[in-house]
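Novice: Here is a sequence together with a model predicted from it:
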Amino acid sequence: MVLVSRKKEVTVESREVEPRVFELEVNGIRMTGYEWAGEGDPILLVHATGFHARCWNQVAARLPGRRIIALDLRCHGRSGNSEPPFEWQLFADDVVEFIRQLDLTNITAVGHSMGGHLITLAAATMPKRFQQLLLIDPVILNPEEVRAAPKFEGEHPSARRRNRWSSPREMLNRFRNRYPFSRWDPQVLKDYCDGGLLPVEGSDEWELACPPHMEGAIYMSAGMENVYRQVPDVTAPVRILRARERTPEDPPFDFGPSPTWGGLAEMFQNAEDVYLPDSSHFIPMEQPAYVAEEIAALVSH
């Protein structure tokens, strides 16, 4: 079933956004997690490449009373780093182990971009632990286009991002009027800057928590073979929020259009596709209240 939904203003109750911070040793990496206390089955939030768990602050704030858990993936946020290569199965294995160590069950899993790809792999690996999935513009490409695409040689543009900053405020001021950040909810942008930099030891400067060379390497390692093979093993109901489709006029490395294959829902056992033609790929950043409403609707069933 294909639904058409459009950007909308949503008024919802909110709460304080400060979660409990904890650490786990996961597959040889120190992984940082965040828990917003609440009742009921857990809601697990998994971020996109180059982002971090605190980008979900404004979504969590709009789900008062719910138990919400988010994590910084390896090489992101406050979690530890490892060096390339970065097969995406590696990150999925981290999510699986994170879930096992916390013994999470009846999970409503929400993943944006790469996060949607990862929770799909995790739900295929341990299907009995997942109650439902919300995939927000997941990086799962059209398989025919993947097979036909020439192999890209060279450095991903994200590897050339500016790494050093004088402060999160400088980053915020630099980005607030630049596309695509100018479209974001202002508080989400602040959360992104505050959580996306780490202080440089012995210096007054700050640097990106996801180092540019690692971010570029992660993008370049986004193989699709595992996810195509495992999607049919996902037994939980799935809802896909899909941003506007790419057009021939869009530049190759423009992150605005959706990377999600329009036929993805048909590969799952039980999935629906919600097309959002007025939204860019950064749906949680632009519309946190709408994302919270979608999650609330799922968990209230």
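Specialist: Looks like it arrived, so ask away. Predicted model only: the values in this text are computed from it and were never measured. Numbers count the residues shown, from 1 in each chain.

Novice: okay, CA-based contacts and neighbour counts for the rest of this
Specialist: Fine.

Novice: by contact count, what packs against the helix or strand where residue 170 lies?
Specialist: Under DSSP states H and E, the secondary-structure element containing residue 170 is helix 168-175. Under the contact definition 3 or more Cα pairs under 8 Å, 6 or more residues apart in numbering; DSSP states H and E, helix 168-175 sits against helix 186-195.

Novice: So which elements touch the very next helix or strand once past the helix it packs on?
Specialist: The helix or strand immediately downstream of helix 186-195 is strand 197-199, counting by DSSP H and E. Here strand 197-199 touches strand 206-208, going by 3+ Cα pairs under 8 Å, 6+ apart.

Novice: what's the strand it packs on packed up against?
Specialist: Contact analysis of strand 206-208 by 3+ Cα pairs under 8 Å, 6+ apart lists strand 164-165, strand 197-199 as its packing neighbours.

Novice: what's the longest one in contact with?
Specialist: The one in question is strand 197-199. Contacts to strand 197-199, defined as Cα atoms under 8 Å, 6 or more residues apart in numbering, come from residues 77, 168, 205, 206, 207, 208, 209.

Novice: And the furthest pair within these?
Specialist: By the measure Cα to Cα, those have their two most distant members at 77 and 205, which lie 16.6 Å apart.

Novice: any idea what sits nearest the residue nearest the centre of the chain, other than its immediate chain neighbours?
Specialist: Central residue of the chain (Cα atoms, centre = their mean): residue 47, 2.5 Å from the mean position. In this structure, residue 47 finds its nearest non-sequential neighbour in residue 115, 5.0 Å apart by Cα to Cα, 6 or more residues apart in numbering.

Novice: was I right about that neighbour contacting residue 137?
Specialist: No: with contacts counted by Cα atoms under 8 Å, residue 115 stays clear of residue 137, the gap being 9.4 Å.

Novice: between those two, which one's more packed in?
Specialist: residue 137 (31 against 26; other Cα atoms under 10 Å).

Novice: Now for the chain, the helix or strand with the poorest mean pLDDT.
Specialist: The helix or strand of the chain with the poorest confidence is strand 2-4; it has a mean of 45 (mean pLDDT, DSSP states H and E).

Novice: moving C-terminal of it, what's the next helix or strand?
Specialist: Next helix or strand after strand 2-4 toward the C-terminus (DSSP H and E): strand 20-26.

Novice: Quick one: name whatever helix or strand follows that following strand.
Specialist: Following strand 20-26 in sequence, per DSSP H and E, is strand 29-36.

Novice: helices and strands around that next one, which ones?
Specialist: Strand 29-36 is packed against strand 20-26, strand 66-71, with contacts defined by 3+ Cα pairs under 8 Å, 6+ apart.

Novice: report the angle between the axes of the shortest one and strand 29-36?
Specialist: Put simply, strand 66-71 runs at 160 degrees to strand 29-36, going by axes from the mean of the first three to the mean of the last three Cα atoms, to 10 degrees.

Novice: Walk me through which strands strand 66-71 pairs with, and which way each runs.
Specialist: For strand 66-71, the paired strands and their directions (DSSP bridges) read strand 29-36 (antiparallel), strand 39-46 (parallel).

Novice: Take the ones you listed and write them to TSV, including distance to residue 276, mean pLDDT and mean neighbour count.
Specialist: Conversion of these to TSV gives the following (distance: least, Cα to Cα, whole Å; pLDDT from 0 to 100; neighbours: other Cα atoms under 10 Å):
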stretch	distance to residue 276	mean pLDDT	mean neighbour count
strand 29-36	29	98	21
strand 39-46	21	97	20
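
Novice: Format those as a markdown table; extra columns: distance to residue 282.
Specialist: Written out in a markdown table, the entries for the strands paired with strand 66-71 read as follows (distance: least, Cα to Cα, whole Å):
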| stretch | distance to residue 282 |
| --- | --- |
| strand 29-36 | 22 |
| strand 39-46 | 14 |
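
Novice: residues near the closest residue in space to residue 244 that isn't next to it in sequence, how many?
Specialist: Nearest non-adjacent residue to residue 244, counting by Cα to Cα, 6+ apart: residue 277, 4.2 Å away. For residue 277, the tally of surrounding residues (other Cα under 10 Å) stands at 16.

Novice: and residue 133, which of the three is it?
Specialist: When the structure is split into helix, strand and coil by DSSP: H, G, I helix; E, B strand; the rest coil, residue 133 lands in strand.

Novice: try residue 63
Specialist: At residue 63 the chain is in coil, as set by three-state DSSP.
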